[in-house]
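Asker: with the input below, show me the fold.
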Amino acid sequence: MNYPEMSEGRIKHSYRVGRKMMEAVIEHPFLSSYSPADIFVLGYLHDIGYNFTEISAQHAEVGGEILRRQGYPLWREVYYHGKLDIPYHSKELDLLNWADKTVNQRGEDVTLEERISDIGVRHGISSIQYMRAVRMIEQIKKFQNTWNSDK
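Answerer: Numbers count the residues shown, from 1 in each chain. Presented below is the predicted three-dimensional model:
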């Protein structure tokens, strides 16, 4: 099998997602029962599936399954990140989805509005990617609102 190589931008994105998650847990420890280091690793690994599939839409499941076979405790978060209407939920998955949607494809911090606009430009505002991203961002905003109420 010919394995695709992650782009430099995707690597920067993954690193920044991990850092952003770690920084959030340091500032708001109630966001996860895992250590900041464990949360960084989750963020850093969340897109690992891109190394093993050429079908972008399958990267989460592929990466999650690889990590499950290795005994990684947060494999479900990788498997289900970016998905809607799923049978699984955790604080760590909410945190991952938040960080993933607030870091662009070049590893730069962006607002949720900037990220949704970028997805609209890249895929079109009538695309399924855009429609799903809008719904995901609605969920992320609800998650952000809990930061002040769950302390």
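Asker: what's the neighbour count on K20?
Answerer: Other residues near K20 come to 20 when the count uses other C-beta atoms under 10 Å. Placement of C-beta: from N, CA and C, glycine included.
Asker: from what I can see it touches H46, true?
Answerer: No. Under the contact definition of C-beta atoms under 8 Å, K20 does not touch H46, with a separation of 11.4 Å.
Asker: tell me where this structure has helices.
Answerer: In the chain, the helices defined using DSSP state H lie at 8-27, 36-45, 59-69, 75-80, 91-101, 112-123, 128-149.
Asker: now the weakest link among those helices, please, by mean pLDDT.
Answerer: Comparing mean pLDDT across the helices of the chain, the weakest is helix 128-149, with a mean of 88.
Asker: name the residue closest to the centre of this structure, please.
Answerer: When C-alpha atoms, centre = their mean is applied to the chain, the residue found nearest the centroid is D100 (3.6 Å).
Asker: isn't that residue right up against H59?
Answerer: No. Taking C-beta under 8 Å as the definition, D100 is not a contact partner of H59, at 11.7 Å.
Asker: common neighbours of the two, please.
Answerer: When contacts are counted by C-beta atoms under 8 Å, 6 or more residues apart in numbering, D100 and H59 are jointly contacted by no residue.
Asker: how many neighbours does Y72 have?
Answerer: Burial of Y72, expressed as a neighbour count using other C-beta under 10 Å, amounts to 17.
Asker: please apply the same query to R115.
Answerer: 21.
Asker: distance check, it against I55.
Answerer: For R115, the distance to I55 equals 22 Å [C-beta to C-beta, to the nearest Å].
Asker: excluding chain neighbours, what is closest to the residue nearest to the centre of the chain?
Answerer: By the measure of C-beta to C-beta, 6 or more residues apart in numbering, the closest residue to D100 outside its immediate chain neighbours is V17, 5.6 Å from it.
Asker: the one you found: what's it in contact with?
Answerer: G43, Y44, H46, D47, L96, A99, D100, V103.
Asker: do I119 as well
Answerer: Q129, Y130, A133.
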